[in-house]
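Peer 1: Starting from these lines, generate the structure:
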Amino acid sequence: MATSYIIRIDLGNKNRITNLLRIKPTCTDYGWEISATDSEIKFLSFLNKFANRYKQNIKELENIGVHKKDITIWYYYEYNSQCNIEFIPEEIKLIAELGFSLCISCWNI
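Peer 2: All right, here's what the predicted structure looks like:
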């Protein structure tokens with residue numbers, strides 16, 4: 001079983017986003033995105049890292065056309081027999097404060 005997370009920005013200048021956030025994207029095929037697995041970093045730490053950089057650069061990101069509606073958090077979860085996903089209050093609170101969409105994708109392996 002694997003759990004992975006992606007934060008994707010669908011619009012904007014990919015190089016400018018990288019320079020503003022000071023985070024190298026893991027993929028730029030479908031927009032600017034960073035990803036990680038649960039074995040690399042916990043979800044809340046992943047969110048906090050991005051949130052801190054985002055909050056420091058909100059105005060600059062908006063100036064290049066990146067708005068909250070353009071940012072999506074993806075949570076991918078593979079399971080064997082039953083799918084149960086639990087989010088702690090701090091994770092939910094942070095996502096709500098940021099105003100980003102959360103998409104969850106589960107599949108049986």
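Peer 1: Wait, Cys103 touches Trp74, no?
Peer 2: Yes. Assessed by Cβ atoms under 8 Å, Cys103 is found in contact with Trp74 at 5.0 Å. To be clear about C-beta, it is placed using only N, CA and C from the backbone, and glycine gets the same treatment.
Peer 1: got a pLDDT number for Ala96?
Peer 2: Looking at Ala96, its pLDDT stands at 94.
Peer 1: which stretch of helix or strand covers it?
Peer 2: helix 89-98 (DSSP states H and E).
Peer 1: Kindly report the same for Glu60.
Peer 2: Going by DSSP H and E, Glu60 is in helix 58-63.
Peer 1: That helix: which residues count as buried?
Peer 2: Leu61 (16 or more other Cβ atoms under 10 Å).
Peer 1: now swap in stretch 2-19 and tell me
Peer 2: Of the residues in stretch 2-19, those buried (16+ other Cβ under 10 Å) are Thr3, Ser4, Tyr5, Ile6, Ile7, Arg8, Ile9, Gly12, Arg16, Ile17.
Peer 1: In helices, which of those appear?
Peer 2: Arg16, Ile17 (DSSP state H).
Peer 1: mind checking how far the helix of greatest length in the chain is from the chain centre?
Peer 2: For the chain, the longest helix by residue count, based on DSSP H, is helix 43-56. Centroid displacement of helix 43-56 relative to its chain, using Cα atoms, centre = their mean, to the nearest Å, is 9 Å.
Peer 1: and it, what does it pack onto?
Peer 2: strand 3-9, helix 14-21, strand 71-79, helix 89-98 (3 or more Cβ pairs under 8 Å, 6 or more residues apart in numbering; DSSP states H and E).
Peer 1: Okay, buried residues for it please.
Peer 2: Neighbour count says helix 43-56 has Phe43, Phe46, Leu47, Lys49, Phe50, Ala51, Tyr54 buried, by 16+ other Cβ under 10 Å.
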